[in-house]
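Undergrad: Here's my sequence, what's the structure:
(one chain, ligands or ions: 1)
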Amino acid sequence: MFRPTFILFFISILFSCENSREIDFAIVIHGGAGTILKKNMSKKMESAYDQKLKEALNIGYKILEDGGSSVDAVESTIKVLENSELFNAGKGSVLSNDEIVEMDASIMFGGNLNAGAISGVKTIKNPISAARTVMEKSEHVFLSGSGAELFAKSQGLEIIDNEYFITERRLNSLLNAKKRDSLKENKFGTVGCVALDKFGNITSGTSTGGMTNKKWNRVGDVPIIGSGTYANNKTCGISSTGWGEYFIRNVVAYDISSQIEYRGITLSEAAQNTLIKVKDLGGSGGVIGIDKKGNIVMDFNTEGMYRGYRKSNGESIIKIYK
Ligand code: ASP
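TA: Predicted coordinates:
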């Protein structure tokens with residue numbers, strides 16, 4: 001006969017296996033990587049970035065804390081960053097050679113590998129919401145240009161004139177880039193978020209205006225599932241920022257996930273390996289991610305990356321420089 005103490009012991013082992021996650025829920029964000037140096041940053045700008053990152057992080061965190069889904073947390077967090085002029089996403093996006101804003105975004109849910117993406121949109125106020133709507137309300141994964149805009153409109157998303165997105169700061173950057181006839185930039189202000197909710201579901205999302213002075217409807221890594229964004233509950237969720245062409249060629253987000261899946265290495269080792277490959281090809285940028293246990297990575301091969309995370313165990317951080 002089993003004694004009650006033995007049965008209790010057995011149940012507690014079962015329970016601890018079920019809940020082998022050290023972290024109940026967690027959220028991590030980025031606001032772009034690049035040559036972000038303290039010496040070039042005014043106190044005022046520094047605190048503006050700091051506050052906006054905190055605001056975004058806290059909105060997502062609260063959703064997770066209240067038992068909300070990682071999809072809701074990622075969308076709401078990214079919307080705060082898209083609505084801020086500080087980042088290269090939504091309002092404040094960089095300008096193309098035609099002096100307009102063309103945006104890309106994507107989202108992926110690690111629970112069933114469902115995903116949604118849009119590219120080259122000019123009038124959708126919150127591109128991340130359009131990506132989510134593609135994921136949840138269409139039979140497709142990736143819509144582009146005017147078709148994506150028509151779809152967003154038909155789903156009741158807010159449509160706004162392109163003028164709304166344009167800021168003086170980005171217009172000046174474009175004029176400088178045009179003088180140099182360059183697409184090469186050393187600052188990337190894309191935004192991204194990865195969240196793990198109480199149910200063990202990981203969602204990743206990324207949103208951007210792309211690169212200053214881009215031509216010919218250039219599309220970067222951000223809306224490409226597996227490059228700018230990837231999520232899989234079995235491994236991790238990733239959002240990237242950097243020189244998109246190099247992130248596409250290295251299939252960055254999926255490369256990190258597959259190293260965990262096939263080689264059994266840690267999230268931070270995997271991210272490091274992939275960023276070395278990006279650098280070896282001549283690219284620069286960074287990634288954020290969360291694995292299924294709630295471990296977080298915020299890695300980059302540039303001078304800085306706007307970034308932060310909050311975990312259910314009380315750990316929290318906002319950082320800009322190396
Ligand atoms: N990855 C983005 C792109 O190439 C740029 C960025 O991260 O800021 O479109």
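Undergrad: Can you show me the strands along the stretch 1-150 of the chain?
TA: Counting by DSSP state E, counting those that start in this stretch, the segments of the stretch 1-150 of the chain that form strands are 26-34, 103-109, 114-121, 142-144.
Undergrad: who's in contact with the last one?
TA: Outside strand 142-144, the residues that touch it by C-beta atoms under 8 Å, 6 or more residues apart in numbering are 116-120, 134, 151, 219, 223, 225. The way it works is simple: take the backbone N, C-alpha and C, and place the C-beta from them, glycine included.
Undergrad: of those, closest to A177?
TA: Taking C-beta to C-beta as the measure, V219 is the one of the contacts of strand 142-144 closest to A177, at 18.3 Å.
Undergrad: List the buried residues of the helix or strand hosting K153.
TA: Assigned by DSSP states H and E, K153 falls within helix 145-154. Under the neighbour-count criterion of 16 or more other C-beta atoms under 10 Å, helix 145-154 has 148-149, 151-152 buried.
Undergrad: Let's check: the centremost residue of this protein is which one?
TA: Central residue of the chain (C-alpha atoms, centre = their mean): G192, 2.0 Å from the mean position.
Undergrad: tell me which residues form a beta bridge with that residue?
TA: The partner list for G192 in beta bridges (DSSP bridges) reads H30, T206.
Undergrad: so what's it up against?
TA: G192 sits next to 29-30, 78, 204-207, 228-229, 239-241, 288 when contact means C-beta under 8 Å, 6+ apart.
Undergrad: just the contacts of strand 142-144 that are near the ligand?
TA: Among those, no residue lies close to the ligand (C-beta under 6 Å from any ligand atom).
Undergrad: Can you tell me which of those has the most neighbours?
TA: Within the contacts of strand 142-144, most neighbours by other C-beta atoms under 10 Å means P223, with 34 neighbours.
Undergrad: what's the pLDDT at that one?
TA: On pLDDT, P223 comes in at 98.
Undergrad: Just want to check the distance between it and N295.
TA: According to C-beta to C-beta, to the nearest Å, P223 and N295 sit 27 Å apart.
Undergrad: returning to that earlier point: and the next helix or strand past the helix holding K153?
TA: helix 168-180.
Undergrad: of all the residues in the protein, which ones are close to the ligand?
TA: 32, 88, 188-190, 208, 210-211, 220-222, 241-244.
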